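Trainee: Need coordinates for the below:
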Amino acid sequence: MVTTSALDFPLLKDASVLVVDDVPVNVQLLSIILRKAGCRVRSASTAAAARALLEEDPQDAILLDVMMPDVNGYDLCQQIRADPRHGSTPVLFISSLGAVGDKVRGFAAGGADYVTKPFLAEEVLARLEHHIRLARLHCELVSEKQSLARANQELLRAQRQTAELFGTVSELLPGRILDDKYRLEQKIGSGGFGVVFRATQLSLQRQVAIKVFRPSTHWASESALQRFLKEGAAMGSLHHAHVVQVFDTAVSREGLAYLVMELLEGRTLAAEIRRVRRMTWDRCTSVIEPLMQALI
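Mentor: Now for the predicted structure:
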């Protein structure tokens with residue numbers, strides 16, 4: 001006697017299930033069980049009929065017999081799995097073949113589960129609900145992954161656009177005077193946080209280096225800007241022979257955040273290595289020792 005109700009298996013309510021079996025009494029029994037649980041049931045007695053039904057109406061799950069008149073259930077399962085439209089649809093084998101080898105072959109073909117006949121209605125429904133739940137979670141994860149991928153593409157596109165825009169702006173900055181105090185003269189470097197220009201402090205006619213904050217999607221938040229300015233203020237409080245001195249930090253009337261630093265003349269370490277190709281131990285020590293002194 002079938003007593004199962006939709007309340008016992010809430011996820012099965014309105015779930016679409018395809019029953020594939022060439023024995024009418026098996027189809028009838030499974031249909032009764034599934035409908036009492038709230039499922040929408042379709043049935044097919046051959047592999048060809050099953051494929052035709054899946055073409056017109058994708059299902060939430062498939063209950064599949066192994067012994068079929070045209071194509072066996074293992075091969076049909078593989079065909080279903082090969083179709084991207086049904087690749088995540090759980091296929092549960094229901095068969096009188098109960099040997100371990102039969103079950104292994106079913107899982108190897110892509111089956112999600114294997115139930116042997118005769119079966120209990122509650123067992124079939126419990127397994128079916130479990131696999132439908134997993135399939136829906138999988139679809140949600142795939143959808144979220146796709147959404148994240150699209151959002152990441154939009155972020156990268158926005159970053160490229162911002163970088164291109166700032167690159168254009170930075171080319172126009174030489175000659176501009178910031179806050180009537182500093183004249184930007186030429187670009188001498190760039191990094192993740194900003195672009196560095198050679199500049200003149202007009203009041204003292206002193207050559208300085210000015211780092212202009214580079215806005216981007218990643219760094220454009222208010223907290224990032226505040227971090228840029230606070231780091232400048234922190235560096236300004238340091239006074240060491242081997243630490244670049246920061247003279248000023250501000251946001252100009254045009255909205256450009258900048259740091260005014262000591263301008264150093266010389267080569268970078270990378271340029272020095274390219275020049276000499278191989279540095280002696282004494283030369284390495286002469287570079288590292290002042291650096292360590294500054295860090296201490």
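
Trainee: Any idea how many residues pack against the residue lying closest to residue 105 once chain neighbours are set aside?
Mentor: Nearest residue to residue 105, sequence neighbours excluded (C-beta to C-beta, 6 or more residues apart in numbering): residue 74, at 5.7 Å. Every C-beta, even on glycine, is put in place using the N, C-alpha and C of the backbone. Residue 74 has 19 neighbours, counted by other C-beta atoms under 10 Å.

Trainee: Tell me the confidence at residue 74?
Mentor: On pLDDT, residue 74 comes in at 97.

Trainee: Quick check: it vs residue 93, distance?
Mentor: 8 Å (C-beta to C-beta, to the nearest Å).

Trainee: Spit out the residues that contact these two alike.
Mentor: 66, 106 (C-beta atoms under 8 Å, 6 or more residues apart in numbering).

Trainee: can you tell me the helix or strand for the residue nearest to residue 105?
Mentor: Assigning secondary structure by DSSP states H and E places residue 74 in helix 73-82.

Trainee: So for that helix, what gets flagged as buried?
Mentor: Under the neighbour-count criterion of 16 or more other C-beta atoms under 10 Å, helix 73-82 has 73, 74, 76, 77, 79, 80, 81 buried.

Trainee: How many residues are close by residue 202?
Mentor: The tally of other residues near residue 202 (other C-beta under 10 Å) stands at 13.

Trainee: Is it correct that it is in contact with residue 181?
Mentor: Yes - between residue 202 and residue 181 a contact is recorded at 6.0 Å, counting by C-beta atoms under 8 Å.

Trainee: wait, is residue 187 part of a helix?
Mentor: No - according to DSSP: H, G, I helix; E, B strand; the rest coil, residue 187 belongs to no helix; its state is strand.

Trainee: Run a quick check on it versus residue 194, I expect a contact.
Mentor: No - between residue 187 and residue 194 no contact is recorded; they are 10.9 Å apart, counting by C-beta under 8 Å.

Trainee: So these two - more neighbours on which side?
Mentor: The neighbour count for residue 187 versus residue 194, taken as other C-beta under 10 Å, is higher for residue 194 (22 against 15).
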